Every structure is written in structure tokens, then in C-alpha cells.
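Novice: Next come a sequence and a model predicted from it.
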Amino acid sequence: MAGIMDITIPVTREKDVKITYLITVEEKTSIQYKIDCMWLLKDLTLIDGKEAMQDCPKFDMHFEHVYSWEAFSTAAKYAFTRCIRKMSKIHYRRDMEFVNFDDDYMSDTGLFQVSEDIMLALKLCIQVLNCACLLGCL
């Protein structure tokens with residue numbers, strides 16, 4: 001039996017948007033989802049990305065208490081935080097505070113209707129290419 005953790009943001013007809021922490025339990029023939037914790041999006045005051053200029057999938061979510069998380073990857077962390085930002089703007093008409101995030105990866109890229117994750121991957125590839133070119137010149 002292996003446990004996989006997942007954070008979801010379900011939006012229902014209810015007025016409040018909830019952030020739900022699920023534990024996925026896979027057994028021989030079935031998959032079960034168990035709710036471990038649930039918070040209201042309106043109670044989230046700050047997300048701390050820990051490291052803005054390094055590849056770091058860790059972040060803190062500040063509710064009444066601070067909860068530390070580690071995403072699958074840095075790209076997953078940015079995708080999740082962009083989702084939180086978008087949900088907060090849509091449902092509560094507010095932008096919450098984000099600290100220690102690279103603004104280039106947090107900004108909307110809706111101008112060309114290209115997914116933020118694709119833009120993040122492209123930006124990372126360009127940065128790697130720039131580093132490779134600089135190393136090749138040395």
C-alpha cells in the first residue's frame with residue numbers, strides 16, 4: 001500500500017473555495033482518496049516560495065498557522081501558486097501576497113493563450129542554453 005499526497009482546489013456551488021489536502025491510497029484493485037486537511041482560500045494570507053532564484057520545490061502556506069510543503073518539482077510549485085492566485089482573483093477579487101517567487105514565472109502569459117507551464121519550460125530551456133553558451137565561450 002503506497003500513499004500519495006495531493007493538494008486540490010475544488011470549486012463548487014458553495015460560496016467559499018476550499019484548498020483540500022488529499023491522501024491517495026492505492027490498494028491491489030482500488031484507489032481511495034481521503035481528506036487529510038481542508039482550508040478556506042480566503043483564509044490564506046501569504047505563500048512563501050522559500051527561494052526565488054534557485055530550483056526549490058519547497059514553499060509555505062500561511063493560514064492561521066504556517067504549513068510547509070514540497071511540490072513534485074519547482075514547475076509544479078509555480079503551477080500551483082498561479083492557480084491559487086487566479087482562484088483568489090476570480091472568487092475574492094483580491095491578489096494575495098507571494099514572497100520569494102521569481103516574478104517572471106508568476107506572471108500571466110495569457111497574451112498568446114499559451115499555458116503558463118509551457119512558458120515556464122521554455123524560459124528554463126533558454127536559461128540552460130544561455131549557461132551552456134557561456135560555458136562554451138570560457
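Specialist: Sure, I can see it.
Novice: Point out where the chain drops to low pLDDT.
Specialist: 1-14, 108-119, 131-138 (pLDDT under 70).
Novice: Just give me the residue right at the centre of it.
Specialist: Phe80 (2.0 Å; Cα atoms, centre = their mean).
Novice: Need the nearest residue in space to that residue, chain neighbours excluded.
Specialist: Excluding the flanking residues, the one nearest Phe80 by Cβ to Cβ, 6 or more residues apart in numbering is Ala71, at 6.3 Å. Any C-beta I mention is one placed from the backbone N, CA and C, and that applies to glycine too.
Novice: quick one: buried residues of stretch 34-53?
Specialist: Of the residues in stretch 34-53, those buried under the neighbour-count criterion (16 or more other Cβ atoms under 10 Å) are 39, 41, 44, 47-50.
Novice: What of stretch 93-111?
Specialist: Those would be 96, 98, 101-102, 105-106, 109, for stretch 93-111 by 16+ other Cβ under 10 Å.
Novice: can you put the residues you listed in TSV and add secondary structure and distance to Pro57?
Specialist: Formatted as TSV, the buried residues of stretch 93-111 follow (DSSP: H, G, I helix; E, B strand; the rest coil; distance: Cβ to Cβ, whole Å):
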residue	secondary structure	distance to Pro57
Met96	coil	20
Phe98	strand	15
Phe101	coil	12
Asp102	coil	13
Tyr105	helix	13
Met106	helix	15
Thr109	coil	21
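Novice: could you pull out the helices for this protein?
Specialist: In the chain, helices defined by DSSP state H lie at 74-92, 103-106, 116-137, listed in chain order.
Novice: which of those helices sits most buried?
Specialist: Ranked by mean neighbour count under mean count of other Cβ atoms under 10 Å, those are led by helix 74-92, which reaches a mean of 17.
Novice: Please save the CA atoms from that one in CSV.
Specialist: This file holds the C-alpha atoms of helix 74-92, laid out as CSV (Å, rounded to 0.1, in the frame of the first residue of the first chain):
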residue,chain,number,x,y,z
THR,A,74,9.7,23.7,-9.0
ALA,A,75,7.4,23.9,-12.1
ALA,A,76,4.6,22.2,-10.1
LYS,A,77,5.1,24.7,-7.3
TYR,A,78,4.7,27.6,-9.7
ALA,A,79,1.7,26.0,-11.4
PHE,A,80,0.0,25.5,-8.0
THR,A,81,0.7,29.1,-6.9
ARG,A,82,-0.5,30.5,-10.2
CYS,A,83,-3.7,28.5,-9.7
ILE,A,84,-4.1,29.9,-6.2
ARG,A,85,-3.6,33.4,-7.4
LYS,A,86,-6.1,33.0,-10.2
MET,A,87,-8.7,31.5,-7.9
SER,A,88,-8.2,34.3,-5.4
LYS,A,89,-8.7,36.9,-8.1
ILE,A,90,-11.8,35.3,-9.6
HIS,A,91,-13.6,34.3,-6.4
TYR,A,92,-12.5,37.0,-3.9
